[in-house]
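J.: prediction below, plus the sequence it came from.
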Amino acid sequence: MIDAVVGPFIEFAFMRRALVGCLALSLGAPPIGVFLMLRRMSLMGDAMSHAILPGAAVGYLLAGLSLFAMSLGGFAAGLAVALSAGLVARSTILREDASLAAFYLVSLALGVLIVSVRGSNIDLLHVLFGTVLALDDHALILVASIATVSLVVLAVIYRPLVLECFDPQFLRSASSLSSPTHLMFLVLVVLNLVAGFQALGTLMAVGIMLLPAVTARFWADDVSGLILVAILTAFAASLSGLLLSYYQNVPTGPAIILLAGIFYLLSVFVGAKGGLMWNLLPRKHLEA
Amino acid sequence: MTMSPRTEPAITFSDLTLGYDRHPAVHHITGEVAKGELLAIVGPNGAGKSTLLKGIVGELKPLSGSLKLDGLKKSDIAYLPQQIEIDRSFPISVFDCVAMGLWREIGAWRGIDGSRKMHVVRALATVGLQDLGDRPVGALSGGQFQRVLFARLLLQDASIILLDEPFRAVDTKTVADLIALILRWHGEGRTVLAALHDIEQVRAHFPATLLLAREVVAWGETRKVLNPANLAKSRQLVEAFDDQAQVCVRDDEPRERQPA
């Protein structure tokens, strides 16, 4: 049993690299997902993951399959969409979700157009679905750096960010950190999606961010607990997804996300905090 | 219209008009709120009570006129809005929620040490929730949650406290406790403004009253302000929002008017 788990990683360097990359992703992205969920912006992660596509495509056109160019392009495009959506939401009657939907759809259309006019379908598949089994040194350094920056920045803005989610009015009335906190958080969302799309692709990157976070809601009832459970869930999904992909010869990115999805479904039923199973058991109510 | 001429004003209104999208919700307010005053803001629905408080916190910019706070910073004002944007399903404990009142001392990064913890515990005890510190805020009733918000106001230690309908959906026992807190703040020399609709409550506890009906109807000693004539006038003055409203002509003397 232990051999079956450890064997592939001892034997093959590409499996070790894939594991390191996924664990780094699992440290950075799930805490961001926890805050997206708590701010009821879960679907924003999905929209943003589409929004980074044209930037990555332009990077590809200008510099070929250069990791740096594609990441930088993706980061710029994601940030541009997030900021313009925020700007329109704050200065017009449109809510943030509506303006974000508008901007990300434009961005996505632009991305697909660029990729199909100038690239081949294979390239599009790489961008959409990632290449977790072909992570080179540069990719690993990039993913690990982003995870590090993400955790440090999150620690710095933790208190105002919690307050911005729980009682934004109070934060606005007590300090001027509201807008900077929101901005830093958006930067972290885009950074982690850029890190994720190297390994898992633009479409799957958001999975490792959000599925562990929503799973955690069934196991923890404070923010730090949620973050811890989300990271552990992402670790477990990464490891088991890589093994599933290795033994069954299926694509790695979707395998990891599907396993995270299975953890989520299990938690919906048996989760200690409000899982469905507990409602079905005949249990007498307490004294107080 | 200064209530106590012997003290300096905490808030000064000069021909202040506040509103939304060019339509004034309350206009041409002139007067001063003295430091340490306990002032009730009374008026029918739509009189502009909440709007005035929002103007004081700075959430609304004046359409015209001005409002001066006597050298006070944002963090010197504690504000309990009527429409709270708080997400009560958020996984946070009652203790942590109340501890946020310490923001001015601890900011974004300083820790909550032993003595600050004691402050929080004492604030919880003051509002009668000493045993509920570990509970999530989602587990509280409406009245209990209002007590939590008052405990947070206690810790904010602000020199101006603005309360917008603080007693809605709260039972009489809780109202009595919260009024005792307000009177305590008054005794400590803080300036307290509370928008209220219960006239009897105001008569019983608030020395000064500002009667609003989209403009100042009367402002001064509560017993003089809240007479039947003024109350009838205030009900009459609250008109519906008019989409075809003309430009207000009360600005007859030459005065800068902000373009909309």
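T.: Received it, and whenever you're ready, just let me know what you need. Numbering: from 1, shown residues only, chains lettered A, B, ... in the order given.
J.: which residues of chain B lie near chain A?
T.: B:57, B:59, B:74-75, B:77-79, B:81, B:84-87, B:90-93, B:97, B:100, B:103-104, B:107-109, B:136, B:152, B:156 (C-beta under 8 Å from any C-beta of the partner chain). (C-beta placed from N, C-alpha, C; glycine too.)
J.: please list the members of these that lie in strands.
T.: B:77, B:78, B:79 (DSSP state E).
J.: residue 77: what's it in contact with?
T.: With no chain named, the answer covers chain A. When contacts are counted by C-beta atoms under 8 Å, 6 or more residues apart in numbering or on different chains, residue A:77 is found next to A:51, A:52, A:53, A:54, A:55, A:56, A:58, A:107, A:111.
J.: wrong chain, I was asking about chain B
T.: Residue B:77 touches A:173, B:56, B:57, B:69, B:158, B:159, B:160, B:161, B:162, counting by C-beta under 8 Å, 6+ apart.
J.: thought residue A:172 was touching residue A:178?
T.: Yes. Between residue A:172 and residue A:178 there is a contact at 4.8 Å, judged by C-beta atoms under 8 Å.
J.: residue 147: neighbouring residues, count only.
T.: No chain was given, so I picked chain A. By other C-beta atoms under 10 Å in any protein chain shown, 22 other residues sit near residue A:147.
J.: switch to chain B, that's the one I care about
T.: 24.
J.: ok, residue A:164 next?
T.: Residue A:164 has 22 nearby residues by other C-beta under 10 Å.
J.: so how far is residue A:179 from it?
T.: 10 Å (C-beta to C-beta, to the nearest Å).
J.: picking that back up, list only those of the contacts of residue A:77 flagged as buried.
T.: A:51, A:52, A:53, A:54, A:55, A:56, A:58, A:107, A:111 (16 or more other C-beta atoms under 10 Å in any protein chain shown).
J.: now those in JSON lines, with secondary structure, distance to chain B and pLDDT?
T.: Shown next, in JSON lines, are those (DSSP: H, G, I helix; E, B strand; the rest coil; distance: C-beta to the nearest C-beta, whole Å; pLDDT from 0 to 100):
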{"residue": "A:51", "secondary structure": "helix", "distance to chain B": "26", "pLDDT": "88"}
{"residue": "A:52", "secondary structure": "coil", "distance to chain B": "28", "pLDDT": "87"}
{"residue": "A:53", "secondary structure": "helix", "distance to chain B": "32", "pLDDT": "82"}
{"residue": "A:54", "secondary structure": "helix", "distance to chain B": "34", "pLDDT": "85"}
{"residue": "A:55", "secondary structure": "helix", "distance to chain B": "31", "pLDDT": "87"}
{"residue": "A:56", "secondary structure": "helix", "distance to chain B": "34", "pLDDT": "83"}
{"residue": "A:58", "secondary structure": "helix", "distance to chain B": "37", "pLDDT": "84"}
{"residue": "A:107", "secondary structure": "helix", "distance to chain B": "29", "pLDDT": "89"}
{"residue": "A:111", "secondary structure": "helix", "distance to chain B": "34", "pLDDT": "83"}
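J.: now, among those residues, which is nearest to residue B:218?
T.: residue A:51 (56.2 Å; C-beta to C-beta).
J.: where's the closest one relative to residue A:81, distance?
T.: Residue A:51 is 4 Å from residue A:81, by C-beta to C-beta.
J.: list the residues that contact both of the two?
T.: Counting by C-beta under 8 Å, 6+ apart, the residues touching both residue A:51 and residue A:81 are A:103, A:104, A:107.
J.: need the contact list for the closest residue to the last one other than its chain neighbours.
T.: Of all residues not flanking residue A:107 in the chain, residue A:51 sits nearest, at 4.3 Å (C-beta to C-beta, 6 or more residues apart in numbering or on different chains). Residues touching residue A:51, when contacts are defined by C-beta under 8 Å, 6+ apart, comprise A:77, A:78, A:81, A:82, A:103, A:104, A:107, A:108.
J.: so which of those residues sit within helices?
T.: A:77, A:78, A:81, A:82, A:103, A:104, A:107, A:108 (DSSP state H).
J.: I'd guessed the last one sits against residue A:48; true?
T.: No. Using C-beta under 8 Å, residue A:108 is not in contact with residue A:48, being 10.7 Å away.
J.: and the stretch 1-150 of chain A, which of its residues are near chain B?
T.: Looking at chain B, the residues of the stretch 1-150 of chain A close enough under C-beta under 8 Å from any C-beta are residue A:38.
J.: which stretches of the stretch 1-150 of chain A have low pLDDT?
T.: A:65, A:118-130, A:132 (pLDDT under 70).
J.: for it, which residue gets nearest to chain B?
T.: residue A:38 (6.4 Å; C-beta to the nearest C-beta).
J.: now that residue: closest residue in space that isn't a chain neighbour?
T.: residue A:165 (4.7 Å).
J.: which positions within the strand or helix carrying the one you found qualify as buried?
T.: Secondary structure assignment for residue A:165, by DSSP states H and E: helix A:137-166. Neighbour-count burial for helix A:137-166 flags A:139-140, A:142-144, A:146-147, A:149-151, A:153-154, A:157-166 (criterion: 16+ other C-beta under 10 Å).
J.: neighbours of residue 64, how many?
T.: Using chain A here. 10.
J.: can you look at chain B instead?
T.: So residue B:64, with other C-beta under 10 Å, has 19 neighbours.
J.: three-state assignment of residue A:90?
T.: Put simply, residue A:90 is helix when judged by DSSP: H, G, I helix; E, B strand; the rest coil.
J.: dump stretch B:28-38 to PDB, restricted to CA.
T.: Extracted C-alpha coordinates of stretch B:28-38, given in PDB (Å, rounded to 0.1, in the frame of the first residue of the first chain):
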ATOM      1  CA  HIS B  28     -30.600  74.000   4.900                       C
ATOM      2  CA  ILE B  29     -29.600  72.900   8.400                       C
ATOM      3  CA  THR B  30     -27.700  75.500  10.400                       C
ATOM      4  CA  GLY B  31     -26.700  75.000  14.000                       C
ATOM      5  CA  GLU B  32     -24.300  73.500  16.400                       C
ATOM      6  CA  VAL B  33     -24.100  70.400  18.500                       C
ATOM      7  CA  ALA B  34     -22.200  71.200  21.700                       C
ATOM      8  CA  LYS B  35     -19.500  68.900  23.100                       C
ATOM      9  CA  GLY B  36     -20.900  66.400  25.500                       C
ATOM     10  CA  GLU B  37     -24.500  67.000  24.300                       C
ATOM     11  CA  LEU B  38     -27.100  64.200  24.400                       C
END
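J.: any idea how far it is from the middle of the chain?
T.: 13 Å (C-alpha atoms, centre = their mean, to the nearest Å).
J.: buried stuff in that stretch?
T.: Counting neighbours by 16+ other C-beta under 10 Å, stretch B:28-38 gives B:28, B:29, B:31, B:32, B:33, B:34, B:35, B:36, B:37, B:38 as buried.
J.: of the residues you listed, which is the nearest to chain A?
T.: residue B:33 (18.4 Å).
J.: looking at this, that closest one is in a strand?
T.: Yes. With three-state DSSP as the criterion, residue B:33 is assigned to a strand.
J.: for it, give me its contacts.
T.: Taking C-beta under 8 Å, 6+ apart as the test, what residue B:33 contacts is B:3, B:9, B:10, B:11, B:12, B:39, B:191, B:193.
J.: for it, give the beta-bridge partners.
T.: residue B:11 (DSSP bridges).
J.: for residue A:207, see how far away it is.
T.: Following C-beta to C-beta, the distance that separates residue B:33 from residue A:207 is 55 Å.
J.: so the residue nearest the centre of chain B: helix, strand or coil?
T.: Geometric centre of chain B, nearest residue: residue B:162, 2.5 Å, by C-alpha atoms, centre = their mean. Assigned with three-state DSSP, residue B:162 falls in the strand class.
J.: for it, give me its contacts.
T.: B:53, B:56, B:57, B:77, B:78, B:79, B:80, B:192, B:193, B:194 are the contacts of residue B:162 under C-beta under 8 Å, 6+ apart.
J.: tell me which element residue A:115 is part of?
T.: Assigned by DSSP H and E, residue A:115 falls in helix A:96-118.
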